[in-house]
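> Give me coordinates for this.
(chains A and B)
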Protein chains: 2
Amino acid sequence: MKTVNFIFGIHNHQPVGNFDFVMEYAYRHSYLPFVEVIEEFPNIAISIHFSGCLLEWLEDHYPDYLDRVARLVQRGNVEILSGGFFEPVLAVIPDADKVGQIKMMNDYIRKRFKFEPKGLWLTERVWEPYLAKPIAEAGIKYITVDDYHFLGTGKLERDLTGHFITEEQGKTLSIFPINQKLRYAIPFKDPQETIDYLRQYATEDGSNAIVMADDGEKFGVWPGTYEVVFEKNWLRDFLKILDQNSDWIKTRTFSDYYNEHSPRGRIYLPTASYFEMSEWSLPWEAGEKFDDLVREFEHQERSAEVKPFIKGGIWRNFLFKYDESNWMQKKMQYLSDRYHRIDPASLTSAKKKDLKIARDHLWRSMCNCAYWHGIFGGLYLPHLRHAIYTELLSCEVILNKIERRKAFHIEKLDIDADGSDEILVTAGNLHLAFAPHRGAMMNEFSLLDKSYNVLNSLKRYKEAYHRKVTAAGKESAGGSIHDNVMAKEAGLENYLKYDKYPRKNLVDHFIKPEITLDQFRNGEYYEDSDFIDGKYDIEIDLKGKKLLFYRHGWVNWQKFAVQKSVRVEDGGLKIEYCLENLGDKTDHFRFAPEFNFAMLGGETPDRYYMADNSRLKESALNSKGALTSTKSMSVVNEWDKFKLTVTAAKADEFWYFPIETVSLSESGFERVYQSSVIVPLFDVELKPGETRAIQLELQVDNL
Amino acid sequence: MKTVNFIFGIHNHQPVGNFDFVMEYAYRHSYLPFVEVIEEFPNIAISIHFSGCLLEWLEDHYPDYLDRVARLVQRGNVEILSGGFFEPVLAVIPDADKVGQIKMMNDYIRKRFKFEPKGLWLTERVWEPYLAKPIAEAGIKYITVDDYHFLGTGKLERDLTGHFITEEQGKTLSIFPINQKLRYAIPFKDPQETIDYLRQYATEDGSNAIVMADDGEKFGVWPGTYEVVFEKNWLRDFLKILDQNSDWIKTRTFSDYYNEHSPRGRIYLPTASYFEMSEWSLPWEAGEKFDDLVREFEHQERSAEVKPFIKGGIWRNFLFKYDESNWMQKKMQYLSDRYHRIDPASLTSAKKKDLKIARDHLWRSMCNCAYWHGIFGGLYLPHLRHAIYTELLSCEVILNKIERRKAFHIEKLDIDADGSDEILVTAGNLHLAFAPHRGAMMNEFSLLDKSYNVLNSLKRYKEAYHRKVTAAGKESAGGSIHDNVMAKEAGLENYLKYDKYPRKNLVDHFIKPEITLDQFRNGEYYEDSDFIDGKYDIEIDLKGKKLLFYRHGWVNWQKFAVQKSVRVEDGGLKIEYCLENLGDKTDHFRFAPEFNFAMLGGETPDRYYMADNSRLKESALNSKGALTSTKSMSVVNEWDKFKLTVTAAKADEFWYFPIETVSLSESGFERVYQSSVIVPLFDVELKPGETRAIQLELQVDNL
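Here you go, the predicted model:
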């Protein structure tokens, strides 16, 4: 009789920092009912992966659920897959952490499920050839990735009937291709389609294996799936039909099949993830072109034939597409480096414990979700980025303690790998980073006691999909909404504004007096100077706890010199500018140093603005939206219990506004608050040779 | 004034093992005249890379030439680029050798040219993200790769005006994009075209750099280029026009520009090489489809727009496309592993010297050319593969000595990373490898004293470009040859035969009695059994120096058992088969164990066949091309001074024929001898339960 092996795997994951109610929803609508159904089918083999982030939540909330899973494993035909514990993209974390996180998961699985893991779920299926080595070194024998990875090497769909062996520097690893057709069919099409597909691969020797492995959330969490999968019994029907055909469809775990069958051959896969990732990772202009090309082939009905050769970007593109993702990832690498330099043998037992806690924070900070963006929120969601910073800073605080760092500490290094050194300053409760070569801006402003980076902001980037928002907006004006675009609110197209400069602190604008607040907010004006992102020289005055930046550049086509000194104290900063006209004409401009505070919410009951220490009222604004006769502005975060105040006693005006992005989420386009901008403005007129001094303060208060 | 930087780089290389006359030709037609012209232009900056293989040859033959280059460097505007010393594809050699070979080149450049290298020529521009780390660790600051690598990430041509910084696990490296337009224009188009192109990138701040870097052999060695570049003075004219425009075209070495300019931004590149490599590395079926797609876009004149998203295979594909390439590469890794396990501190000073010699052989064996195939011969050229084996085996002999390996040594390990163990046997002068899981065939047969792998054979693979040979054949029958296909001889299409099984030793065929020699030679028959590539069990009899393979399988749809024992002595092998019919019908078949001997030439004056120890005459063959009444056949290699004899006293016939491939070379399609096949045939009739014993000998004689 002709038989075929069918490997059915699911991957369950929730990001570090996700809202509790989201986890609860996913548990009730997917993780729990899925297992309940599986329990009914003692003869169906299945492979399951849980990310460590989800496991931690389950251990806290539903440890009995994990007991049930353990019993399924003991029953004999459920495999538990390993992975990087906190679901990191393995390619972008240090080797020691790759191996460490996988071993941590292996240990957990052994203890909790009494199962010896040999397989690994590769986060977001982000593959690079080098990964074979650290993954193999962590004791893993096989992984699974998309067939798309294989088709690009010239393998054909009919070849992909088992595992293939790859190798890096002598370390071998097997790779199972995930069948895309089944991935699209399960649980969206009639179970019979899967059966029919499997029949094509049934052979006398029964050695073929077809793999379907995908997100567990497809079963109950994705829109509409709870009804189909559980209420209308798709999953139960599917497993029943597998059971009924068990004479020729052999359900197998990866582990079963791997133990019984040699590799189908040798393989080397390119840098790849699933097909869609290669589109998402492109910058907008290339992304639009790529999307056009893909659609062209879809219209020609040639996708299957051509897709293997169509490739966009790789996951690492996100690190240059989004500077903010890069900063998190590089800070993570920097802390990992510090962590691994510490010899535990040299520590007291209390400090050893601390070190382990630091490690867990470090590893948790590697959870992939906040580092990238596709069609779910990801990087665009401030609370996910905030969760990463919370872990990073919690780790940093412990490392500072173990390393006995002084309360005032300055480091000069190229932390973000852009080719120039940043200045990292720790002063008591504050941890700051400055980029002298980028206008001497401040690109991290962390409150260590709260593990809170107030500069967890996000620039408004143009995205390839924004043209759909514009198109939808135009059509809705005419009465109809394009059917494949859903927007959570009307008029989103009006928010499609883009930032030329980072939304960070001490981003120094020189603008023409006639520029309006709207023009400024929308990035629809020209910067009249190169001080905004030019390279400053720097002197560090350790005793005075002062950074002195200076630069010769131009304002309004005239030579200018700017000195910018920042005195860092525990409770805040004193900033002093000295602007000097080196040209031969009188110059008139507005000087507008920008501040951004990522409050995780704009104006809400517990997050609001103050002017001169009173809650801000709209009536205080002048007809142009500016605050005049104001000496200071504050942002208050009652939830996290702090207040930040920018004092500029001599400012002529204050501007403030929220930065809001438009991004894709699972339920459509949405507007997301990213940071609160505060800009004191100074009208300056300088004759040739004249200078103007400007003082600012940035005060941190705990509430 | 608007200015632009122009970086002009060349890469000079000849493979390890190339013929002396080819090196000499390249020297006289390219390397020498190029430098002579450069000497005339003291103000033109240029960056040059020489591979170590070429440097060794130049040091031997023209050390004064290198003195001239050193003087150019001292003159101040010639940069010498580093690289892996022996031009390895860095991605597929161990990390320690990556760093070691780069440092070896750095040291050489410092000593020979009094120049501190900071840049690296990346062999075949084969990039993988991980490479940033070992390259940076070897002290390199920047490399250069094709703009195609960058365009795939979504960068646009207009962005590629300097270097970009990449990073791996905190190690940073800058990458310059090579401009494809200039690469195609130089030296094939009017110099003015380059000038016009550069003008587009001239700016007031003069910070743009445009890079043209490519093979030095384009200047004089490639067909037709000597006439253009030197006789008709293309190069002199080009440099003159650059000189005349030196007010706005600033020629710069990579080094000059790197020192003066920050990165243009951050970048992460995918696994990539130049565009063509992505086609060459595909197996034939996918290769044809890819080629069709590329042509489709060319016809639509959309190449520039679409190519960034069109990608085929990666370089590592060659390792599964060609098993023979994989064997060399894995043997190299195996020896590297052995080499690096030796602690030099534990050795006598004589052995330390030996170890350094072993290292040089090892590193020389990593030269890329013989490991892959595009449009030059590469892997298809037996003398290039032979040179690799010579280096590998020379290294192995020394390591055996240093490790004090016994004269008879057996190792069981998965040397070729196919998931199953091979058996490596060293017996005096012989080094053999067997693959129990692949029909217990022998896939290496090395004569250690000659550093000669007699199993340096090559299967006849189908190549995507073979359809052009067929097309040309058809057209030439009708009178005209397709203009873009050149064949070195007529009728090549008749040689397009493909091998289903490896061309190795003890490849055991069971064929129907009526199969003819032609059918067998052309692979146009069905194998009547699964013993050809099935998995054997193995027992090792160390005392008896014997390998015992046994397996249950089928012949002619009946159950059979085969025992195959190989006794290994210094001077040869004694092989004994026992075939047993376990079925219930009498079976009649021919048993035909195949031998391949890669003699580096078929029938030539110093390489020929013998039958029963007399030079073979065609008249001895029967009407079907077989030798009857013959007890032994030999192949003689007078050049390398050895004779190999297959003795099969009871054979009914002997077949022999050369394996000849059809491959692309720089001057068109060519037929290449790969190995001499010798097959003793035994007519076997076995009743149920009967057995038949068959004895063979394989004798090695030095001449």
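> Can you report how many residues lie near A:V294?
Look at A:V294: counted by other CB atoms under 10 Å in any protein chain shown, it has 20 neighbours. Glycine gets a C-beta too; all of them are placed from N, C-alpha and C.
> Sorry, slip of the keys, the one I care about is A:E124.
For A:E124, using other CB under 10 Å, the count is 22.
> what residues are up against it?
Counting by CB atoms under 8 Å, 6 or more residues apart in numbering or on different chains, A:E124 makes contact with A:V89, A:S273, A:Y274, A:M277, A:W315, A:N368, A:W372.
> which of those residues come close to chain B?
Near chain B, taking CB under 8 Å from any CB of the partner chain as the test, no member of the contacts of A:E124 is found.
> Nearest to chain B, out of the residues you listed: which one, please.
Using CB to the nearest CB, A:W315 is the member of the contacts of A:E124 that lies nearest chain B, at 8.5 Å.
> Now do the SS call for the closest one.
Recorded secondary structure, A:W315: coil (DSSP: H, G, I helix; E, B strand; the rest coil).
> Surely it and A:W127 touch.
No: the criterion here is CB atoms under 8 Å, and A:W315 misses it with A:W127 at 9.2 Å.
> Need the residues touching each of these two.
Looking at what touches both A:W315 and A:W127 (by CB under 8 Å, 6+ apart), the common residues are A:A91, A:T271, A:S273.
> Of those - the most surrounded one?
Among the shared contacts of A:W315 and A:W127, A:T271 has the most neighbours (other CB under 10 Å), with 28 neighbours.
> what's near enough to touch it?
A:T271 neighbours (CB under 8 Å, 6+ apart): A:A91, A:W127, A:E128, A:P129, A:I314, A:W315, A:R316, B:E128, B:P129, B:P270, B:T271.
> Next SSE downstream of the helix or strand bottoming out on mean pLDDT in chain A?
Least confident helix or strand of chain A, by mean pLDDT, DSSP states H and E, is helix A:466-477 with a mean of 76. The helix or strand immediately downstream of helix A:466-477 is strand A:507-511, counting by DSSP states H and E.
> Just the CA atoms of that next one, as CSV, please.
C-alpha atoms of strand A:507-511 as CSV (Å, rounded to 0.1, in the frame of the first residue of the first chain):
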residue,chain,number,x,y,z
VAL,A,507,17.7,68.1,17.7
ASP,A,508,18.6,71.7,16.8
HIS,A,509,16.5,73.4,14.2
PHE,A,510,17.3,76.7,12.5
ILE,A,511,14.2,77.8,10.7
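> OK, now which residue of the stretch 51-200 of chain A is nearest to chain B?
A:G154 (3.2 Å).
> what are the phi and psi angles of that residue?
phi 100, psi 0 (degrees, to the nearest 10).
> can you pull out the helices in the stretch 251-400 of chain A?
Counting by DSSP state H, counting those that start in this stretch, the stretch 251-400 of chain A has helices at residues A:254-260, A:275-280, A:284-299, A:303-306, A:317-321, A:323-341, A:349-364, A:382-402.
> anything in the shortest one sitting right up against chain B?
Read that as helix A:303-306. Yes: residues of helix A:303-306 are located near chain B by CB under 8 Å from any CB, namely A:E305, A:V306.
> That helix - contacts with which helices or strands?
helix A:284-299 (3 or more CB pairs under 8 Å, 6 or more residues apart in numbering or on different chains; DSSP states H and E).
> which strands and helices sit next to the helix it packs on?
helix A:275-280, helix A:303-306.
> try 7 Å
For helix A:284-299, the elements it packs on are helix A:275-280, judged by 3 or more CB pairs under 7 Å, 6 or more residues apart in numbering or on different chains; DSSP states H and E.
> Give me the residues contacting stretch A:502-514.
Contacts with stretch A:502-514, where a contact means CB atoms under 7 Å, 6 or more residues apart in numbering or on different chains, come from A:323, A:439-443, A:445, A:455, A:457-459, A:501, A:520, A:525, A:527-529, A:531-532, A:555, A:575, A:588-596, A:659, A:675, A:683.
> List the buried residues for it?
Judged by neighbour count using 16 or more other CB atoms under 10 Å in any protein chain shown, the buried positions of stretch A:502-514 are A:P502, A:R503, A:K504, A:N505, A:L506, A:V507, A:D508, A:H509, A:F510, A:I511.
> Likewise for stretch A:514-526?
A:I515, A:L517, A:F520, A:R521, A:N522, A:Y525.
> Can you give me every residue that contacts the closest residue to the fifth one other than its chain neighbours?
It refers to A:N522. Spatial nearest neighbour of A:N522, excluding adjacent residues (CB to CB, 6 or more residues apart in numbering or on different chains): A:K497 at 4.4 Å. Neighbouring residues of A:K497 by CB under 7 Å, 6+ apart: A:R460, A:N522, A:G523.
> Kindly report the same for A:K545.
A:F408, A:A427, A:R567, A:V568, A:E569.
> now do 10 Å
A:F408, A:I410, A:V425, A:A427, A:V566, A:R567, A:V568, A:E569, A:D570, A:L573, A:K574 (CB atoms under 10 Å, 6 or more residues apart in numbering or on different chains).
> Is the fifth one within a helix or a strand, and which one?
Secondary-structure assignment from DSSP H and E places A:V566 in strand A:558-569.
> could you dump whichever helix or strand comes after that strand to PDB, C-alpha only?
Sequence-wise, the next helix or strand downstream of strand A:558-569 (DSSP H and E) is strand A:572-581. This file holds the C-alpha atoms of strand A:572-581, laid out as PDB (Å, rounded to 0.1, in the frame of the first residue of the first chain):
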ATOM      1  CA  GLY A 572      18.400  66.600  35.000                       C
ATOM      2  CA  LEU A 573      20.500  68.500  32.400                       C
ATOM      3  CA  LYS A 574      21.600  72.100  32.000                       C
ATOM      4  CA  ILE A 575      22.100  72.900  28.400                       C
ATOM      5  CA  GLU A 576      23.800  76.000  27.100                       C
ATOM      6  CA  TYR A 577      24.100  77.100  23.500                       C
ATOM      7  CA  CYS A 578      26.300  79.800  22.000                       C
ATOM      8  CA  LEU A 579      25.400  80.700  18.500                       C
ATOM      9  CA  GLU A 580      27.900  82.900  16.600                       C
ATOM     10  CA  ASN A 581      27.400  84.600  13.200                       C
END
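> Now do the buried residues in the next helix or strand after strand A:572-581.
Counting by DSSP H and E, the element after strand A:572-581 in chain order, helix or strand, is strand A:587-597. Neighbour counts over strand A:587-597 (16+ other CB under 10 Å) mark A:D587, A:F589, A:R590, A:F591, A:A592, A:P593, A:E594, A:F595, A:N596, A:F597 as buried.
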